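*Asks:* build the 3D model from these lines:
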Amino acid sequence: MDNSSKARFQSLTGVRFIAVCLVFIYHNRKYWRDSLHPELIRLFNEFHVGVSLFFVLSGFLIAYTYEDKPLASGTAYLKYILVRCARILPLYWLILTIYYLDKSYGNFHFNLLTYSLAHGFSDVHNLEGIAQAWSLTVEMTFYILAPVLFFIKRKNLWLLLLAMLLLYGMFFGIGAIWQHWNTNPQRFFRPNQFLLLNTFPGRSSEFIVGMVLATAVQQKSNWLYQFRHKTTFGITAMFIVIYGIGWFQKDIYDHGYTHPIGMILAKTVLPISMAILLAGLMEEDTWLNKILGSKFLVLLGNASFAFYLVHISYVNLKIKDWYTFPDRNFILLWIISIILYQYVESPMYHFCRKQLNANKKSA
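*Replies:* Below you'll find the model as predicted:
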C-alpha cells in the first residue's frame, strides 16, 4: 500500500486489537460464569467471532493489496506466498519449537503436522501444539487460493460462491473417501460440523465479504458514501447479531453458532455487519476511528498476532505455572506480545522480506 492508504487504514490495525480481545474474553469466560449475569455470559459465549472479524479483515486487506498481482507470473505468485509465510510462520514456529523442547509440555514430541499447519485439517489433531493455530491453517489456505479467488470474483461473484461450494464438496469428498478407505481414524476433513467451523471452505463467506468490500473501496462504490453512519450501524448490528446467535444456546455452556440458524447468522449477517463497520472506519471521521487509529492502539493491533499465539495454550500456561493475576494475565500477556512483536516478529519479517527482494534483484 502507498502512504495515503496506510494512513487511511490505521484504524483497521486497531480493529485487530478489538478482535483478539473478543477471543481472549471467549477463552476465559469459564472463569466468570458464576460472577457475571447470565445474559453477559450468553454474549461472551459467542465472542469466538473475533476470529470471524480477523477473517473478514484478512479478506479485505489481501484483496485490496494484491488484486491480480500474484498471478502475473509463477515468480510473482511464489514471492506472494513466501511473503505471507514470512508474516505468520517464523513466530509461530519459534513458540511451537519452545513448546516441544519443554519436557513438561511438548516433551520433544515434534510433529510435522503442526509445523506444516496440516494438523488444522484434522478434527483429532487441530488443537495440538499451539491450540489456537487451527485458524492459521484456515488463513494459509486462503492465502494459497486467494489469487485464483480474485480472478473468479472479477468474472462473476456468483461463480465464486459456486466455486466455494465445489471446494467444500471436494473437502467433504476427500474425507468420505478416506473414511471408506481406512475409517479415517484421524478424522481428516471430517465430520461435517468440523468442515463448517474449522476449515477455509466452511469459513469462506467471511473472507469473501472482505473481498467484496475491497472491490467497493477500490471502485469507490456509491453505497460507501450514501450509506451514512456506517460505523455506528456496523458495530451496533455486529453486537446485536452476536447476541442473537447466543439465543440459540441450550445453556451457558453451549454455543449458538452450532445451531443451524445461529450458524447461518454467523456466516452471512455477521460478516456483512463487520464489513460495514470496517467501511465506516475507513470513510468516516468518528471518535472510534480516532481511538483505533491512535499510536497505542495501532501498536497493540500490530502485536495482536503475537497476543493471539500466547493468550492461551503453552505460553499462558507457563505463566500460570508461576502466577495468575486477577485479569487472567491480560496485561502481562500484552507486554510479552509487544516485546515479541518489536524484537522478534517484526525483525524476522523484515529480514525475510529483505532476503526475498535481494534474491529478486540478483535473479
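*Asks:* run through the protein and note the low-pLDDT ranges.
*Replies:* For the chain, applying pLDDT under 70 flags the ranges 1-8, 68, 359-363.
*Asks:* longest helix anywhere in this structure?
*Replies:* helix 74-101 (DSSP state H).
*Asks:* report the distance from it to the chain centre.
*Replies:* Relative to the centre of its chain, helix 74-101 is centred 16 Å away, using Cα atoms, centre = their mean, to the nearest Å.
*Asks:* same check on stretch 287-306?
*Replies:* Distance, centroid of stretch 287-306 to centroid of chain: 17 Å (Cα atoms, centre = their mean).
*Asks:* and for stretch 270-281?
*Replies:* Distance, stretch centre to chain centre, for stretch 270-281: 15 Å (Cα atoms, centre = their mean).
*Asks:* who touches that stretch?
*Replies:* 11-12, 15, 49, 52-53, 55-57, 60, 205-206, 209-210, 212-213, 216-217, 224, 227, 229-235, 237-238, 241-242, 245, 286, 288-289, 292 (Cβ atoms under 8 Å, 6 or more residues apart in numbering). The way it works is simple: take the backbone N, C-alpha and C, and place the C-beta from them, glycine included.
*Asks:* 7 Å instead, please
*Replies:* For stretch 270-281, the external contacting residues (Cβ atoms under 7 Å, 6 or more residues apart in numbering) are 11-12, 15, 49, 52-53, 56-57, 60, 205-206, 209-210, 213, 224, 230-231, 233-235, 237-238, 241, 289, 292.
*Asks:* how close does the residue most central in space within the chain get to residue 314?
*Replies:* In the chain, the residue lying closest to the centroid (Cα atoms, centre = their mean) is residue 54, at 3.8 Å. For residue 54, the distance to residue 314 equals 20 Å [Cβ to Cβ, to the nearest Å].
*Asks:* can you check residue 139 too?
*Replies:* From residue 139 across to residue 314, the span is 20 Å (Cβ to Cβ).
*Asks:* those two - which one has more neighbours?
*Replies:* residue 139 (24 against 20; other Cβ atoms under 10 Å).
*Asks:* quick one, what contacts the closest residue to that one other than its chain neighbours?
*Replies:* Of all residues not flanking residue 139 in the chain, residue 58 sits nearest, at 6.4 Å (Cβ to Cβ, 6 or more residues apart in numbering). Contacts of residue 58 were listed using Cβ under 7 Å, 6+ apart, and they are 139, 142, 207, 210.
*Asks:* how about these in a markdown table, adding secondary structure and distance to residue 26?
*Replies:* Below are these laid out as a markdown table (DSSP: H, G, I helix; E, B strand; the rest coil; distance: Cβ to Cβ, whole Å):
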| residue | secondary structure | distance to residue 26 |
| --- | --- | --- |
| 139 | helix | 18 |
| 142 | helix | 22 |
| 207 | helix | 21 |
| 210 | helix | 21 |
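*Asks:* how about CSV for these, with distance to residue 100 added?
*Replies:* As requested, those are arranged in CSV below (distance: Cβ to Cβ, whole Å):
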residue, distance to residue 100
139, 22
142, 27
207, 31
210, 34
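*Asks:* out of the residues you listed, which comes closest to residue 189?
*Replies:* Closest approach between these and residue 189, by Cβ to Cβ: residue 142, at 16.7 Å.
*Asks:* look up how far residue 217 lies from the closest one.
*Replies:* 19 Å.
*Asks:* the more surrounded of these two?
*Replies:* residue 142 (23 against 20).
*Asks:* got the contact list for that one?
*Replies:* By Cβ under 7 Å, 6+ apart, the contact set of residue 142 is 58, 200, 207.
*Asks:* mind doing that once more with 6 Å?
*Replies:* Each residue near residue 142 by Cβ atoms under 6 Å, 6 or more residues apart in numbering is listed here: 200, 207.
*Asks:* please report the distance of residue 94 from residue 17.
*Replies:* Going from residue 94 to residue 17 by Cβ to Cβ gives 22 Å.
*Asks:* coming back round to it: just the angle for the one helix or strand the residue nearest to residue 139 maps to relative to helix 74-101, thanks.
*Replies:* In this assignment (DSSP states H and E), residue 58 forms part of helix 49-66. Interaxial angle of helix 49-66 relative to helix 74-101 (axes from the mean of the first three to the mean of the last three Cα atoms, to 10 degrees): 150 degrees.
*Asks:* what about helix 49-66, distance to the chain center?
*Replies:* In terms of Cα atoms, centre = their mean, the centre of helix 49-66 is found 7 Å from the chain centre.
*Asks:* before we move on, what about stretch 307-322?
*Replies:* Put simply, stretch 307-322 sits 19 Å off its chain's centre (Cα atoms, centre = their mean).
*Asks:* mind listing what's buried along that stretch?
*Replies:* 307, 308, 309, 310, 311, 312, 313, 314, 315, 316, 319 (16 or more other Cβ atoms under 10 Å).
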